[in-house]
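>>> predicted model and sequence follow; I will ask about them next.
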Amino acid sequence: MGKISSHHPRAESLRIRERLAEGFRKGLVVPEGLSAHGRGEAFDYIIGERTTEYARRAIETACAMLILAKHPVLSVNGNVAALVPKETVKLAQASGAKIEVNLFHRSRKRELAITRWLKIHGAGEVLGTDRKFLTKIKEIHSDRRRVDRRGIALADVVLVPLEDGDRTEALKNMGKRVIAIDLNPMSRTARAADVTVVDNITRAFPLMTKTVRKLSRRKREVLAKMIKNFDNEENLSKMMRLMSTKLKTMKKS
Ligand code: PTJ
């Protein structure tokens with residue numbers, strides 16, 4: 001693998017891609033994760049590879065939710081572990097959230113490799129692998145149904161990054177609040193979540209850590225009001241309008 005020149009117009013995007021490829025070589029990421037990343041890249045290209053004002057608004061609300069939660073949990077899959085291991089640990093520390101490994105393409109070997117990888121990057125406790133604490137959520141129809149009693153099973157707020165599926169609906173039916181990070185505003189997860197951050201996780205997670213630190217100083221009532229005033233559907237519509245405008249302008253130029 002050659003060094004990516006900082007003069008390359010797509011240097012940042014290529015560096016992120018390289019992190020994922022490295023994660024694949026290390027056994028953290030499944031081959032399907034590479035194509036999932038490609039889908040994300042396409043949406044990121046349309047939004048201009050920057051954090052939009054709508055993503056910022058969603059991030060503020062998501063952070064308020066994490067701060068007010070009693071049992072917040074960050075769910076980690078292979079792509080998340082490869083792209084933002086250190087940033088996941090920092091966000092968990094800042095918000096008091098637990099980290100749980102929860103995989104769609106589940107394998108014992110990969111669960112343990114991801115746990116090890118997160119610990120190398122500073123994580124203390126990583127839930128989701130100790131069999132004596134595992135339980136099943138019957139409403140979920142994939143391997144993601146196996147969750148930790150101390151983590152996702154108990155959580156009132158769950159952050160589910162980079163996935164498209166039935167888990168968010170199931171978690172919501174159980175009375176939990178769900179935060180999604182997804183560059184595709186049309187995915188099932190994006191549409192079902194309470195708060196959807198349409199942004200690259202590599203930009204969103206560091207910004208979320210900063211935002212949690214900033215908002216932790218605010219009164220609880222102020223945070224509760226922010227959550228109440230946020231309309232996810234409206235925010236997603238604005239995001240899609242922005243994408244559509246971007247596409248039209250690209251066509252002209
Ligand atoms: O590690 P596993 O076994 O749990 O599997 C992980 C993958 C990603 C393979 C699995 O969750 C999956 O198949 O995901 P989907 O259904 O392809 O959904 C991934 C979503 O994340 C898509 O909507 C992508 O647009 C979005 N996405 C990809 N990369 C990023 C992203 N969103 C934000 N930041 C990214 N870097």
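Arrived safely, thanks for sending.
>>> residue of this protein nearest the ligand, please.
Minimum separation of the chain from the ligand (CB to the nearest ligand atom) falls at Gly40, amounting to 2.5 Å. Every residue, glycine included, has its C-beta placed from N, CA and C.
>>> specify the local secondary structure of the nearest residue to that residue once chain neighbours are set aside.
In space, not counting the residues next to it along the chain, Gly40 is nearest to Leu183; the distance is 4.3 Å by CB to CB, 6 or more residues apart in numbering. What DSSP: H, G, I helix; E, B strand; the rest coil gives for Leu183 is coil.
>>> hang on, Leu183 packs against Thr196?
No - Leu183 is not in contact with Thr196 according to CB atoms under 8 Å; the separation is 10.2 Å.
>>> quick one: average pLDDT of stretch 133-147?
Taken as a whole, stretch 133-147 has an average pLDDT of 94.
>>> what's next to it, contact-wise?
Under the criterion CB atoms under 8 Å, 6 or more residues apart in numbering, residues 100, 102-106, 127-128, 148-150, 152-153, 163, 165-167, 169-171, 173-174 lie in contact with stretch 133-147.
>>> near the ligand, which residues of the stretch 1-150 of the chain?
With CB under 6 Å from any ligand atom as the criterion, the stretch 1-150 of the chain meets the ligand at residues 30, 32-33, 36-37, 39-40, 43, 77-79, 83, 103-105.
>>> closest one of these to Ile114?
Gly78 (6.4 Å; CB to CB).
>>> strands along the chain, start to end?
Taking DSSP state E, the strands of the chain run over residues 72-76, 98-101, 126-127, 134-136, 146-148, 157-161, 177-181, 195-197.
>>> most tightly packed of those?
When the strands of the chain are scored by mean count of other CB atoms under 10 Å, the highest mean neighbour count falls to strand 195-197 (a mean of 29).
>>> can you list the low-confidence ranges for the stretch 1-150 of the chain?
Confidence mapping of the stretch 1-150 of the chain against pLDDT under 70 gives the ranges 1-2.
>>> and with 80 instead?
With pLDDT under 80 as the threshold, the stretch 1-150 of the chain has low-confidence stretches at 1-11.
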